[in-house]
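Q: turn this into a structure:
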Amino acid sequence: MTCVVGDITRKDLGLAPKDLKRVRDTATEAWHLAAIYDLAIAESLAYKVNVDGTTHVLDLCESIKNFRMLVHFSTCYVSGLRTGRILEDELEMGQSFKNHYESTKFKSEVLVRECMDRLPAMIIRPAIVIGDSVTGNTDKYDGPYPVIRLLAMAEARNLLIKGFRMPIVGQGDTKLNLVPIDYVVNGAVHLSGQKESVGGTFQLADPNPITVRELFENLYRVFGLGRPIGALPSAVMETTLMIPGADKLLGMSRESVIYMDHKVVYDTAKTQKPSKARASNARTCPTICPISWSSSGTTCHSKAGPNTSEGRNFKRWPEEPSVSATAPRCERASSPARVPSCRSDATILAPAAAAKSIKTAASPKATPSSKKWRLKWPRMRKNA
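A: Take a look at the predicted model:
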């Protein structure tokens, strides 16, 4: 495999003439994941990367001699402000959008669909992607992570009062669809190997997601807080987050609050439907169950990233022997007959607030204030 550097905002991806010729002569597949994912991104930049970038990728794919497949990564949230059940084949339903990220990813998917009559392609729509289901590592701090980071930092500074009760944000019965990155990768790899996937759209989402209340209840319990008391209206939270610096203080961006009240369910019938070649097998998909915790644990380190001073340092709870002994590990599909699956117990690692807390967590004399946490995934459900 040869790596070349390009820029999707430029024609021919900005490739050097020699590299461009090599791609056109030898490439057979394109996996388009490059995009702007910031919910607060300006429209002009979002359009330049997500829409113009997709146009340039499609143009290049059409110029490749022996092209076989484009795997385009979209998002479940091209549904915008629609509510209720969203089917995988639905796209242009007259919806409005919560932000420029959603609207430009929508336009990007429209472009791909318009090319499907002359270009073999498939569309992957992940839900909210979180850390690896085996190691818990993540280098992407959005979704539930800002709140977790805030609680971890407060705990490290002994600012949390045991048993203190705090409200949740938004309507507690809203579904929050979270999926681990390796499940998304395994699912996409598997689907791309199926002939019947050409021309299809697949939502890699949890068919039975947790609610906002369940997430807050479990996080509060892990950090020694009491059960949530009441609910803070999302409109109040959005107004509060308009105050300069409030987003960093509260661990939540104003653009993400609306998702706490957005009542939507993403249908995964096509994604989970077994192919004719493996009719006896069923697809599996994870869901989150309550978080467990104890007062001892280990420290896990992943690669440092450019957007954090302490690098990617995480704390987590040790494996529970009674659970991990029978938990199947996530595995990449090695053949079209194998269906990707996720292990029934996984960790999502909380960022350490400072080097001191990391050192304490790694020490055998860990104190109660160095508690660590994890989200558990229960045994997989089989869906025919």
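Q: can you pull out the helices in the stretch 101-250 of the chain?
A: In the stretch 101-250 of the chain, the segments counted as helices under DSSP state H, counting those that start in this stretch are 145-156, 181-192, 212-222, 234-240, 246-250.
Q: the ones you listed: which one's closest to Asp12?
A: Among these, helix 181-192 comes nearest to Asp12, with 24.1 Å by C-beta to C-beta. C-beta coordinates here come from the backbone N, C-alpha and C atoms, glycine included.
Q: mean confidence for that closest one?
A: The predicted model assigns helix 181-192 a mean pLDDT of 92.
Q: residue numbering should commence at 51 henceforth.
A: Sounds good: first residue 51 from here, last item helix 231-242.
Q: return the list of helices and strands in contact with that helix.
A: strand 119-123, strand 171-176, strand 178-180, strand 251-254 (3 or more C-beta pairs under 8 Å, 6 or more residues apart in numbering; DSSP states H and E).
Q: can you list the strands that the second one pairs with?
A: Note on strand 171-176: by DSSP bridges, its sheet partners are strand 119-123 (parallel), strand 251-254 (parallel).
Q: quick one: distance of the first one to the chain centre.
A: Right, strand 119-123. 18 Å (C-alpha atoms, centre = their mean, to the nearest Å).
Q: contacts for that strand?
A: With contact meaning C-beta atoms under 8 Å, 6 or more residues apart in numbering, strand 119-123 is reached by 78-83, 85, 104, 107-108, 111, 158-159, 162, 169-174, 176, 238, 242, 248.
Q: pretty sure Tyr309 sits in a strand.
A: No - the assignment for Tyr309 by DSSP: H, G, I helix; E, B strand; the rest coil gives helix, which leaves it out of any strand.
Q: what about it, neighbour count?
A: Per other C-beta atoms under 10 Å, the neighbour tally for Tyr309 reads 19.
Q: same question for Met119.
A: Other residues close to Met119 by other C-beta under 10 Å number 18.
Q: equivalent analysis for Ile198, please.
A: The burial count for Ile198: 22, using other C-beta under 10 Å.
Q: I'd guessed it sits against Phe266; true?
A: No - taking contacts as C-beta atoms under 8 Å, Ile198 lies outside contact range of Phe266: 11.0 Å.
Q: of the contacts of strand 119-123, grab the buried ones for ChimeraX.
A: Of the contacts of strand 119-123, the buried ones can be selected in ChimeraX as follows, counting by 16 or more other C-beta atoms under 10 Å:
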select :80,82,85,104,107,108,111,158,159,162,169,170,171,172,173,174,176,238,242
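Q: re earlier: point out the most buried one among the strands paired with strand 171-176.
A: strand 251-254 (a mean of 25; mean count of other C-beta atoms under 10 Å).
Q: could you export that strand as PDB, keeping only the C-alpha atoms?
A: Listed next in PDB are the C-alpha coordinates belonging to strand 251-254 (Å, rounded to 0.1, in the frame of the first residue of the first chain):
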ATOM      1  CA  THR A 251     -27.700   2.800   2.800                       C
ATOM      2  CA  PHE A 252     -26.900   1.300   6.200                       C
ATOM      3  CA  GLN A 253     -27.500   2.900   9.600                       C
ATOM      4  CA  LEU A 254     -24.900   1.600  12.100                       C
END
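Q: contacting residues around it?
A: Contacts of strand 251-254 (C-beta under 8 Å, 6+ apart): 124, 126, 136, 138-139, 141, 172-177, 229, 233-234, 237-238, 241, 316-318, 320-321.
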